[in-house]
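In: Dropping a prediction and its sequence here:
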Amino acid sequence: MAADTPRRTAAPRATDRPGDQSPFALGLRAGERLAAGDPWDEPEYQQYPPDLKSPYRERRAAFGEQRYGALGIPRHDIEARQRAASANWECFGAPAALFCYIDRDLGPAQWSDIGMYLQTVMLLLRAEGLHSCTQMAWAKYHRTVAEILRPPDELMLFCGMSIGYEDTATQYPRTGRAPLGETLTFLDD
């Protein structure tokens, strides 16, 4: 792109819909449901296999220990864990959110396409100095999101993505990642 070519971005505006339909309104409405003790919606897709095998099961458990341990929340305190998870529905304080839907009739290959697409969006956001966080947690309140966004019936909410600038003055718990040697296998000829 030439230096003198203006960059153009397309983003939904609150004025594109009647009333205040900003991501914060979504977060607030989901937060109200959480505060009222409303249960999560029935899942429209399975986020994790019921019998998650090793080493994935251990990695998921380690993530939970790191995340909630850094917040001082013991494993047995489910209510405190749910309160901590509620930051998802406030977009972690980010000013913008993207919601990604998939056609209900599509299969695993198209689900992988969504992952690649979202990763590309996240890389493009970083190139513009923005930070992002994909959030499958939004799927737990897919009915609340649908009340506002009104997607066609053939679509289901896969995830949300918070978008904004990282607050470098705030210390957030960072979770570890599996070493590359555990996640990458080189196949010989």
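Out: Great, that's in hand. Because the structure is predicted, anything quoted here is derived from the model rather than measured. Numbers count the residues shown, from 1 in each chain.
In: which residues are contacting the helix or strand hosting Gly69?
Out: With the criterion set as DSSP states H and E, the secondary-structure element containing Gly69 is helix 56-70. Residues outside helix 56-70 that contact it (C-beta atoms under 8 Å, 6 or more residues apart in numbering): 48, 52, 74-75, 80-81, 84, 173-176, 178. From N, CA and C alone the C-beta is placed, and that goes for glycine too.
In: which of the residues you listed has the weakest pLDDT?
Out: The lowest pLDDT within those belongs to Pro173, which sits at 69.
In: Where does pLDDT dip in the protein?
Out: For the chain, residues meeting the criterion pLDDT under 70 lie at 1-31, 34-37, 173, 189.
In: Quick one: the helices in it, in order.
Out: Using DSSP state H, the helices assigned to the chain run over residues 23-35, 56-70, 78-85, 108-127, 142-149, 180-183.
In: Among the ones you listed, which comes closest to Asp41?
Out: Checking the helices of the chain against Asp41 by C-beta to C-beta gives helix 142-149 as the closest, at 4.9 Å.
In: Alpha carbons of the closest one, in PDB - could you do that?
Out: Extracted in PDB, the C-alpha atoms of helix 142-149 (Å, rounded to 0.1, in the frame of the first residue of the first chain):
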ATOM      1  CA  HIS A 142     -26.100 -16.700  22.200                       C
ATOM      2  CA  ARG A 143     -29.800 -15.800  22.800                       C
ATOM      3  CA  THR A 144     -28.900 -12.500  24.400                       C
ATOM      4  CA  VAL A 145     -26.600 -11.600  21.500                       C
ATOM      5  CA  ALA A 146     -29.200 -12.700  19.000                       C
ATOM      6  CA  GLU A 147     -31.800 -10.400  20.600                       C
ATOM      7  CA  ILE A 148     -29.600  -7.500  19.700                       C
ATOM      8  CA  LEU A 149     -27.900  -8.500  16.400                       C
END
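In: Next up, the contacts around the closest residue in space to Asp103 that isn't next to it in sequence.
Out: Nearest residue to Asp103 in three dimensions, chain neighbours excluded: Glu154, at 5.6 Å (C-beta to C-beta, 6 or more residues apart in numbering). Applying C-beta under 8 Å, 6+ apart, one finds that Glu154 lies in contact with 103-105.
In: closest to Val145 among those residues?
Out: Closest to Val145 out of the contacts of Glu154 is Arg104 (15.5 Å), distances taken as C-beta to C-beta.
In: correct me, but the closest one touches Pro152?
Out: No - between Arg104 and Pro152 there is no contact under C-beta atoms under 8 Å: 10.0 Å.
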